[in-house]
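Visitor: One predicted model, sequence on top.
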Amino acid sequence: MKGFTRAETRFSLCGLNCALCSMHLGGYCPGCGGGPGNQSCTIAKCSLEHGGVPFCWECPQYPCSRYEGFDAADSFVPHRNRQSDIALVRELGLEAYLAQLEEKRAILDELLAHYNDGRRKTFFNTAVYLLPLEDLRAVMAALDSRPDLSAQAVKERALAAVALLQEAADRRDIPLKRKKKPC
């Protein structure tokens, strides 16, 4: 949105984890308020109308009608957890939360560098985005505890990583597939 800029582009106004978003990672979006390529956004306009609040939760009208039902059904994974991510930021503080995002980003980079057989980028991105950090740490520790994997072909390493991530998601009842809006 023209004229809309923010100092922090890793976490958006509305609760998107831009630091883990596949659009941001792929260079298609600079992050909320990040400059050229920034998408037109009604929430950015709302921020400007409310004095340029840096995060929606700092607005006296939060949570507003824009948050009703949005997390429940959206095929764009980052939209799934906006409200729970905002709650976590408020609990931990922004810097601590951003440190967790950076750790998740490092895990994603590791998965893509050593376990991606060319078919797992979206799956790994979704899993890292949706799973809690402690589960991701456990998955990476389990992968690291298997020295036999390093000698395996990337396809076998990918299958091992996918299985562990899927098990972690199943334990928490977190679907790693896209949600469709009800008809």
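Guide: Received, thanks. Remember, predicted model here, so these are calculated numbers, not experimental data.
Visitor: What distance do you get for the residue sitting nearest the centre point of the chain to Cys59?
Guide: The chain has Tyr129 as the residue nearest its centroid, 3.7 Å off, counting by C-alpha atoms, centre = their mean. Distance of Tyr129 to Cys59, computed by C-beta to C-beta, to the nearest Å: 25 Å. Glycine gets a C-beta too; all of them are placed from N, C-alpha and C.
Visitor: same deal with Leu133?
Guide: Using C-beta to C-beta, which is the criterion applied here, Leu133 is 27 Å from Cys59.
Visitor: With Gly3 instead?
Guide: Where Cys59 is concerned, Gly3 sits at a distance of 19 Å (C-beta to C-beta).
Visitor: about what we covered before: between Leu133 and Cys59, which one's more packed in?
Guide: More neighbours sit around Cys59 than around the other of Leu133 and Cys59, counting by other C-beta atoms under 10 Å; the figures are 17 against 14.
Visitor: ok so, going back, name the helix or strand for the residue nearest to the centre of the chain, please.
Guide: Of the helices and strands defined by DSSP states H and E, Tyr129 is found in helix 121-130.
Visitor: how far does stretch 145-157 sit from the chain's center?
Guide: Stretch 145-157 sits 27 Å away from the centroid of its parent chain (C-alpha atoms, centre = their mean, to the nearest Å).
Visitor: Please point out which parts of it sit buried.
Guide: Neighbour-count burial for stretch 145-157, counted by 16 or more other C-beta atoms under 10 Å, picks out Arg157.
Visitor: Report how many residues lie close to the residue nearest to Pro132 when sequence neighbours are not counted.
Guide: Among residues not flanking Pro132 along the chain, Arg172 sits closest, at 7.5 Å (C-beta to C-beta, 6 or more residues apart in numbering). One way to gauge burial is a neighbour count; for Arg172, by other C-beta under 10 Å, it gives 10.
Visitor: and Lys164, what does it touch?
Guide: Not Lys; residue 164 is Leu. Val139, Ala142, Leu143 (C-beta atoms under 8 Å, 6 or more residues apart in numbering).
Visitor: For it, grab phi and psi.
Guide: For Leu164, the backbone dihedrals are phi -70, psi -40 (criterion: degrees, to the nearest 10).
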